[in-house]
Structure formats: structure tokens, C-alpha cells
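Asker: Could you look at this predicted model? Sequence included:
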Amino acid sequence: MRRHRHAKIVATVGPASASPERLKALFLAGVDTFRLNFSHGLHQDHARVHAAIRDLERETGRPIGILQDLQGPKIRIGTVAGGKLDLAAGDRVRFVPEGREGDVRAIPLPHPEIFASVAPGQDLLIDDGRVRVRVTGVQDDALDAEVVTGGVISDRKGVNLPGTVLALSPLTEKDRADLAFGLELGVDWVALSFVQTPSDVIEARGLIGGRAGLMTKIEKPSALEHIEDIVRLSDAVMVARGDLGVELPPEDVPGRQKELVRACRRAVKPVIVATQMLETMVSAPSPTRAEASDVATAVYDGADAVMLSAESAVGQYPVEAVTMMDRIIRRTETHRLYRSLVAATEPEVEDSPPHAVAAAAAGLADSIQAAAIVAFTLSGTTAARIARKRPNVPILAATPDPGVSRRLSLYWGAHSVLSEDIASYEAMVGKAAEIAQSEGFAQSPDLVVVVAGVPFGTPGTTNNLRVIELGRGI
């Protein structure tokens with residue numbers, strides 16, 4: 001099955017999409033990777049979905065990626081008297097670390113790490129920023145604040161602390177249990193929530209141990225202060241604009257999105273743009289014009305993938321949402337300005353033979369109007385290096401590793417193919433021709449660019465570039 005686009009689609013599985021029949025419909029509509037949100041659902045629910053996706057993979061003969069998204073620590077207020085409090089600007093309130101029920105004099109905030117980290121002058125955002133309070137004093141057993149933006153708060157509403165780094169691991173006990181379960185299932189990616197510093201990524205990588213790709217979710221402003229190191233330590237990045245948009249001024253989010261996409265392209269790491277992309281389609285059969293433009297902007301930025309959340313998890317039109325996202329991507333990538341805009345944000349290529357060979361392959365394929373690039377890769381890195389150049393040519397990523405082939409379903413422009421390893425030049429040419437034709441990307445006498453590493457079977461040795469004409473070698 002060939003996708004007639006380069007950017008990929010990630011869809012979240014939920015009650016609206018968990019049945020095998022609906023998963024198949026979503027895949028046929030354009031989903032490349034399915035996201036399992038471990039903030040919701042039981043282990044047995046996720047296990048059933050995982051098994052259904054693997055059955056679908058066998059039925060279609062195509063690698064399908066599965067992303068496990070860990071919940072991370074959730075900071076919430078406790079219960080309040082009467083179930084809600086109506087706060088007005090200028091009101092004085094007090095937060096306490098314990099207590100079963102509270103009023104303006106004692107709002108429960110059962111997170112001692114906040115009392116240890118926050119300082120006067122810093123803000124707390126409650127209920128996705130609908131209510132803002134500013135800290136005026138901190139004690140061991142109380143936190144005094146003044147309401148800046150009033151509103152109603154109710155039991156268990158979430159709290160965000162922009163500009164405050166909390167002494168809090170991104171992996172709760174629930175996350176650790178979920179992670180062990182997901183790795184046992186065989187997920188392809190693990191998304192880490194609430195990342196604040198590079199050490200958070202290192203902690204998670206130690207637990208994953210190479211059994212899955214590590215995806216870092218950028219949703220805290222503190223992560224942006226260490227973004228180069230965080231990207232370097234990650235295998236992929238998600239621009240999680242939901243929480244990021246709460247803790248940053250809304251006008252800052254579009255620019256940050258572009259910076260993050262560029263940083264990931266420079267580091268040869270796939271990047272997903274997520275949250276509220278087609279939010280209207282949770283309850284309507286078509287998106288707003290602004291939402292269509294939002295998806296297109298991510299594609300113009302050069303993102304590897306765009307993601308559906310509630311639209312496919314609980315929405316009334318999950319298949320229609322995927323179909324619409326597929327249409328927007330394809331129309332954007334064929335627009336006359338697309339190539340120039342993507343080229344304008346192209347990062348500099350690292351000065352090393354593997355990067356230079358991959359860049360040369362992308363440039364050569366475009367200049368000779370090749371039908372495809374066939375990249376033989378053990379780890380996926382060769383295909384990723386070629387994809388960074390965003391060539392106007394499909395990338396057939398051939399690998400003997402099923403896990404790598406599934407992870408490649410997230411990479412821009414990559415059509416992953418599970419193939420036995422090659423051991424000689426003759427085998428390379430023959431296998432490249434076979435793959436290009438059997439996958440429906442080329443036919444005689446099309447030109448195909450082939451990229452591999454010599455000696456064959458050695459990761460990280462991208463050093464060989466060849467052009468073949470189907471029907472005879474060149």
C-alpha cells in the first residue's frame with residue numbers, strides 16, 4: 001500500500017476507534033502510526049488494540065507503528081467545599097498541602113514539590129489557565145496567592161506552573177508499570193510526558209534500554225531552555241501544543257513550533273506536531289478553515305507527522321478526520337510553493353561522510369527525476385538522513401529488522417519495507433530493483449538511486465551511492 005504523500009499521520013485510539021473494523025478503516029484512510037494513550041483505559045484494553053493492529057499488519061503486509069503515550073505526573077488541586085469555588089480578581093487565597101475539603105482559606109494542593117519549588121511572583125494556572133493566581137508568600141505548610149484572572153474552579157482541576165521547574169520525575173509509579181507493560185507488548189515508540197530537563201530523558205532511556213524508540217513530548221517551557229540537549233538525547237519529539245499553549249503565551253506557540261521542527265530536522269530526529277489540529281471534527285463532519293490551515297502550516301514547516309487526538313479517540317467522525325488530514329497533506333505537498341518553503345528551512349548538513357552521502361542521494365534523485373530512492377538500513381538512520389533533505393522522491397527504506405520497519409512508518413517520506421539483509425553489490429542492485437518494482441514505485445526503464453553502507457550489515461556506515469536503470473545496472 002502506497003501513501004501518495006510524504007508527511008505521516010498519527011491517530012489516537014479510543015472508544016471511537018478501538019474495534020478491529022474501525023482500526024482497519026482508519027489505516028486504509030491513511031493512518032501510519034497508532035497512538036495508545038495510557039492516561040485512559042486499562043491494560044487489557046490496550047492489549048486488545050495492540051493485538052488487533054498486529055493482526056491488521058499481517059493482513060495488509062505493511063509495517064504499522066504503535067506509540068505508547070505515558071501519562072506522566074498530573075498536578076491537580078484537591079476537593080473544595082461545595083464542589084466549586086468562584087474566584088474574582090483581587091481575591092486572596094491560600095493553598096495547603098493536605099486537607100480533605102477546602103475553601104479560599106485552604107485550597108488543597110497535595111503536591112509538596114510545589115511548595116518546595118515555587119517562589120513569590122510566580123503564577124499558578126488552574127483548569128488549563130482559565131484561572132490565574134500569583135504567589136505572594138510561601139511557607140512550609142501554606143502558599144498564599146492573589147487571584148489575577150478570576151473564574152470558577154472545581155474539584156481535581158489541573159494546575160500548571162509556567163516558569164517553575166519542579167523536583168519531580170516525569171515517570172510516576174503508574175508510568176513505570178505502564179512502561180513495563182508496553183515494552184512487554186512490543187510497542188514501537190514510548191512518548192515521555194512532563195519532560196523538564198535532559199536528565200528526565202536519560203532516566204527514561206535507561207528504563208527502555210533500546211527496546212523501543214524514545215519520544216520526548218515538549219509541553220513545558222523549561223524543556224525549551226534545554227532543547228538542543230533534549231532533542232539530542234531523544235529518538236523523536238512531539239510538539240504537544242496543549243499544555244505548551246497553556247504555559248506559554250498563545251502568540252509564542254507558532255514560532256516555537258517552527259523552532260522545534262527545525263531543531264529536529266537538524267538533529268535527524270522525526271518530529272510530530274500534535275493537539276487540536278482538527279478539533280472541530282470531534283463533533284462535526286468537516287474542519288474549520290483555520291484548522292485546515294494549521295495542518296498545512298505544520299506540513300509547510302517540514303514536520304514528519306501530524307497527529308489526531310480526540311478527533312480519532314472519542315470523536316463522532318474518526319475516519320472522516322483521517323481522510324481530511326490525508327487530503328490536506330496531499331494538497332499542501334503538491335502546492336507550487338511547497339518545495340520552496342520546505343527548502344527555505346533546510347538545516348545545514350553535518351560535515352561527515354554518512355550525512356554527505358545521504359544529502360547527495362537526495363539531491364541526485366531530484367536532479368535526475370528518479371522514480372525512488374532505495375535505502376538499505378539496519379537502524380533506520382540512513383533513511384532518516386535522506387529524509388532530512390526532504391527530497392521530492394519517495395524513500396524506500398529496506399531493513400531486516402521488524403521493529404525498525406515499524407518505527408520508520410513515522411519518518412517523513414519513508415515507505416518502510418521488511419527485507420532480508422544484503423551481503424554484496426550484486427545483491428544490493430538486484431534487491432533494490434526488486435523492491436522498487438514490487439512496491440509499485442518504479443518500472444523499467446525508470447532510474448532508481450540506491451544508498452547503502454559498506455561493509456554491508458554494519459550500522460552507521462552510509463558510504464555508498466549508486467544509480468541503476470531498471471532492466472540494467474549503471
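Answerer: Looks like it came in fine.
Asker: could you point out which element follows whichever helix in the chain runs longest?
Answerer: When the chain is parsed with DSSP state H, its longest helix is helix 43-60. Using DSSP states H and E, the helix or strand that follows helix 43-60 towards the C-terminus is strand 65-69.
Asker: what sits up against that following strand?
Answerer: For strand 65-69, the external contacting residues (C-beta atoms under 8 Å, 6 or more residues apart in numbering) are 10, 12, 32-39, 46, 50, 53, 178-179, 182, 186-191, 193, 212, 215, 217, 406-407, 409-410. The C-beta positions use only the backbone N, C-alpha and C, and glycine is treated the same way.
Asker: strands paired with it, and their directions?
Answerer: Paired neighbours of strand 65-69 in the sheet (DSSP bridges): strand 33-37 (parallel), strand 189-192 (parallel).
Asker: Flag every buried residue along the shortest one.
Answerer: For strand 189-192, the buried set under the neighbour-count rule, 16 or more other C-beta atoms under 10 Å, comprises Trp189, Val190, Ala191, Leu192.
Asker: Make a markdown table out of these and add distance to Asp103.
Answerer: Formatted as a markdown table, the buried residues of strand 189-192 follow (distance: C-beta to C-beta, whole Å):
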| residue | distance to Asp103 |
| --- | --- |
| Trp189 | 44 |
| Val190 | 41 |
| Ala191 | 38 |
| Leu192 | 37 |
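Asker: Reformat the residues you listed as TSV; add distance to Val282 and pLDDT.
Answerer: Formatted as TSV, the buried residues of strand 189-192 follow (distance: C-beta to C-beta, whole Å; pLDDT from 0 to 100):
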residue	distance to Val282	pLDDT
Trp189	24	98
Val190	26	98
Ala191	21	98
Leu192	26	98
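Asker: What distance do you get for the closest residue to Thr288 other than its chain neighbours to Ala321?
Answerer: Distances taken as C-beta to C-beta, 6 or more residues apart in numbering put Thr280 closest to Thr288, at 5.2 Å, once the chain neighbours are dropped. Look at Thr280 and Ala321: by C-beta to C-beta, to the nearest Å, they are 10 Å apart.
Asker: So for those two, which residue has more residues nearby?
Answerer: More crowded of Thr280 and Ala321, by other C-beta atoms under 10 Å: Ala321, with 31 against 18.
Asker: mind checking how far the particular helix or strand that has that one in it is from the chain centre?
Answerer: For Ala321, the host element (DSSP H and E) is helix 318-333. Distance of helix 318-333 from its chain centroid, counting by C-alpha atoms, centre = their mean, to the nearest Å, is 18 Å.
Asker: For the stretch 1-150 of the chain, which segments count as helices?
Answerer: In the stretch 1-150 of the chain, the helices defined using DSSP state H, counting those that start in this stretch lie at 20-29, 43-60, 112-117.
Asker: Contact partners for the closest residue to Pro391 other than its chain neighbours?
Answerer: Leaving aside its chain neighbours, Pro391 sits nearest to Ala362 (3.9 Å; criterion: C-beta to C-beta, 6+ apart). Listed by C-beta under 8 Å, 6+ apart, the contact set of Ala362 reads Ile373, Ile386, Lys389, Arg390, Pro391, Val393.
Asker: for these, which one is nearest Glu434?
Answerer: Nearest to Glu434 among the contacts of Ala362: Ile373, at 15.2 Å, using C-beta to C-beta.
Asker: for that closest one, phi and psi?
Answerer: Dihedral pair for Ile373: phi -110, psi 130, per degrees, to the nearest 10.
Asker: what sits against it?
Answerer: Neighbour list for Ile373: 361-362, 365, 386, 391, 393-396, 448-451 [criterion: C-beta under 8 Å, 6+ apart].
Asker: What's opposite it in the beta bridge?
Answerer: On the basis of DSSP bridges, Ile373 is bridged to Ile395, Val449.
Asker: show me where pLDDT drops low in the stretch 1-150 of the chain?
Answerer: Across the stretch 1-150 of the chain, the ranges flagged by pLDDT under 70 are 99-101.
Asker: Ala423 contacts Thr458, doesn't it?
Answerer: No - checked against C-beta atoms under 8 Å, the pair Ala423 and Thr458 is beyond contact range at 11.5 Å.
Asker: wait, what's in contact with the residue of the chain most remote from its centre?
Answerer: Of all residues in the chain, Arg105 has its C-alpha farthest from the mean position, at 41.3 Å, by C-alpha atoms, centre = their mean. Residues in contact with Arg105 (C-beta under 8 Å, 6+ apart) are Val93, Arg94.
Asker: about what we covered before: tell me if the residue nearest to Thr288 really is in a helix.
Answerer: Yes - when classified by DSSP: H, G, I helix; E, B strand; the rest coil, Thr280 is found to be part of a helix.
Asker: how far does stretch 279-291 sit from the chain's center?
Answerer: That offset, for stretch 279-291, works out to 21 Å (C-alpha atoms, centre = their mean).
Asker: contacting residues around it?
Answerer: Contacts of stretch 279-291 (C-beta under 8 Å, 6+ apart): Gln276, Met277, Leu278, Ala310, Glu311, Val314, Gly315, Gln316, Tyr317, Glu320, Ala321, Met324.
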